[in-house]
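> Okay, here's the prediction I keep looking at, along with the sequence it came from:
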Amino acid sequence: MPLHPGPAETPAVMTAGTALATAPGNPAGTSAGTSAGTAGTVPGEVAELRPARSAATDQDGLVATDLDVLTGPGAGALLTAAVATAGGEVTTWSVRQVDHRPGRSTTVSYRASVRWPHGVRGETLGASLGRPDDAQRPGVVALADGDRTAVVWMFQDDPGLPALRPLHEPRALARLLRDLCVPDAGGPVRLQVLAYRPTRRAVVEASTPRGRVFLKVVRPDRVEALHARHALLADAGLPVPRPLGWTDNGLVALAPLHGTPMREVVRDGGRAPSPAQVLELLDRLPAAVRGLPRRRSWSEGAAHYAAVIGIVLPQEAERAARLAAAVTDAVAGDPGDEPTHGDLYEAQVLLTGGRITGLLDVDSAGPGHRADDLGCLVAHLETLSLLRGWDAPRLRAYAREHARAYADAVGADALAVRTAGVLLSLATGPHRVQEAGWREATSRRLDAVERWLDGTALR
């Protein structure tokens, strides 16, 4: 698999590893090259399984049943059957993340404890319904449930992220790190999974005793554009990770940045950036960002997020739909043409001594409204104030400080409706990550949406 070089780099070659159907790979935070279990079914082979179903249905019974199959008690049978084909036994499991797309598909990730012939360890597993192409990918197990087929995989065999598998093949990983000039590439390598959205993206930190590199894995059809975005912004002097190269199977290698995530600084009451610093950062986005493909803003997706909430929390369906309609009406027909980051919030910003020294996750950079970026940051700061155990009064005051300054910059109405739109998207978060008390947390976030739409949020 060719490694396409980053700016001013020398071309090199990466040898891709052979996919092993459902063979266990490395758990997050262990050294590459851990012994693998025995491979199981042939990719695409469908085994029969009928997991237990709940009798509960709603106005969209098929979608509700899909959710139940992948998140209810019957999901354990799916995971057990799939892992057994590789010679393992699931001893415990829990839902980690849910990506539910009403009327289309449902994808879930799990944390499981698996007993292998060589011992017990934690594994990240994934499963999908409504994504028939997943069943044709290497390393997955397809399990029939009546007229539907559930697809189950281990992290390294994610059907949408083929670049993950070579990272768990020691020779392929060593070659990649050597190509990237990482010191001690031929020695022990520690892989730590920093982020994972099944079938969509993963971020893995690869560390040797004397070096490290960040490996962002996306769907192959998005990798070249992602590398180009990083190169564009880095060349413009933005503090984004410098791109080191990319592979056709969906991997972008990024140089490390220095700094502490703004979320940690804000949580701990440290020295956080002022609104003026954030505005200055956005002013540095080059005009060429306007020529990148346009991505739908969070506010433009309000109806989708309301539908998700309505399915998982029917008692809030009417309120969520009403709030989404208000957001949609306010932003309709005005997509904007300003350079934007596209997903600006405190976890994407690195700080050193209160100064912004890093800007992460530029996947969505493109044309839009400055108010979209500012509303995104305000909405996330507001959400932090709603988290249990966090300093709500201090965080709320910090969010208001930024909101008032941004209202002066882009207009109070524009900021309010876009903040409300992002908050509505964040209201799906408690269920997606299976937070304890997610129903109450969802309702609290909808309360916040209402405050931004009725004009009381800044009073």
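Okay, I see it.

> number of nearby residues for the residue nearest to L285 when sequence neighbours are not counted?
In space, L285 comes closest to P339 once its chain neighbours are excluded; the distance is 3.8 Å by Cβ to Cβ, 6 or more residues apart in numbering. Heads up, the C-betas are built off the backbone N, CA and C, glycines and all. Counted with other Cβ atoms under 10 Å, the burial measure for P339 works out to 25 neighbours.

> In the sheet, which strands lie alongside whichever strand or helix holds P339, parallel or antiparallel?
Counting by DSSP states H and E, the element that carries P339 is strand 338-340. Looking at strand 338-340 with DSSP bridges, its partner strands are strand 366-368 (antiparallel).

> most centrally placed residue in the protein?
For the chain, R197 is the residue whose C-alpha lies nearest the centre (Cα atoms, centre = their mean; 4.3 Å).

> hey, what's that one bridged with?
Partner residues in beta bridges with R197, using DSSP bridges, are R201.

> what separates it from P314, distance-wise?
Summarising the geometry, the distance separating R197 from P314, computed by Cβ to Cβ, to the nearest Å, is 26 Å.

> Same check on G130?
To P314, G130 is 20 Å away according to Cβ to Cβ.

> Neighbour count: the two, which is higher?
Each of G130 and P314 has its neighbours counted (other Cβ under 10 Å); G130 has more, 19 against 12.

> For the strand or helix carrying E318, list the C-alpha coordinates in PDB.
With the criterion set as DSSP H and E, the secondary-structure element containing E318 is helix 317-331. The C-alpha atoms that make up helix 317-331 are tabulated as PDB, following Å, rounded to 0.1, in the frame of the first residue of the first chain:
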ATOM      1  CA  ALA A 317     -40.300  13.500  20.500                       C
ATOM      2  CA  GLU A 318     -42.800  16.400  20.200                       C
ATOM      3  CA  ARG A 319     -40.600  18.900  21.900                       C
ATOM      4  CA  ALA A 320     -37.500  17.900  20.000                       C
ATOM      5  CA  ALA A 321     -39.400  18.200  16.700                       C
ATOM      6  CA  ARG A 322     -40.700  21.600  17.600                       C
ATOM      7  CA  LEU A 323     -37.300  22.900  18.500                       C
ATOM      8  CA  ALA A 324     -35.700  21.400  15.400                       C
ATOM      9  CA  ALA A 325     -38.400  23.100  13.200                       C
ATOM     10  CA  ALA A 326     -37.600  26.500  14.800                       C
ATOM     11  CA  VAL A 327     -33.800  26.000  14.100                       C
ATOM     12  CA  THR A 328     -34.400  24.800  10.600                       C
ATOM     13  CA  ASP A 329     -36.700  27.700   9.700                       C
ATOM     14  CA  ALA A 330     -34.100  30.200  11.000                       C
ATOM     15  CA  VAL A 331     -31.200  28.900   9.100                       C
END
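
> That one - what's its average pLDDT?
Confidence over helix 317-331 (mean pLDDT, whole number) is 98.

> for that helix, packing partners?
Helix 317-331 sits against helix 302-312, helix 412-426, helix 438-454, with contacts defined as 3 or more Cβ pairs under 8 Å, 6 or more residues apart in numbering; DSSP states H and E.

> Buried residues, stretch 440-454. List them.
Residues of stretch 440-454 classed as buried: 441-443, 445-446, 448-453 (neighbour count, 16 or more other Cβ atoms under 10 Å).

> any idea which of the residues you listed is the one closest to H4?
Within the set of these, R445 lies nearest H4; the separation is 41.0 Å, counting by Cβ to Cβ.

> Sounds good, over and out.
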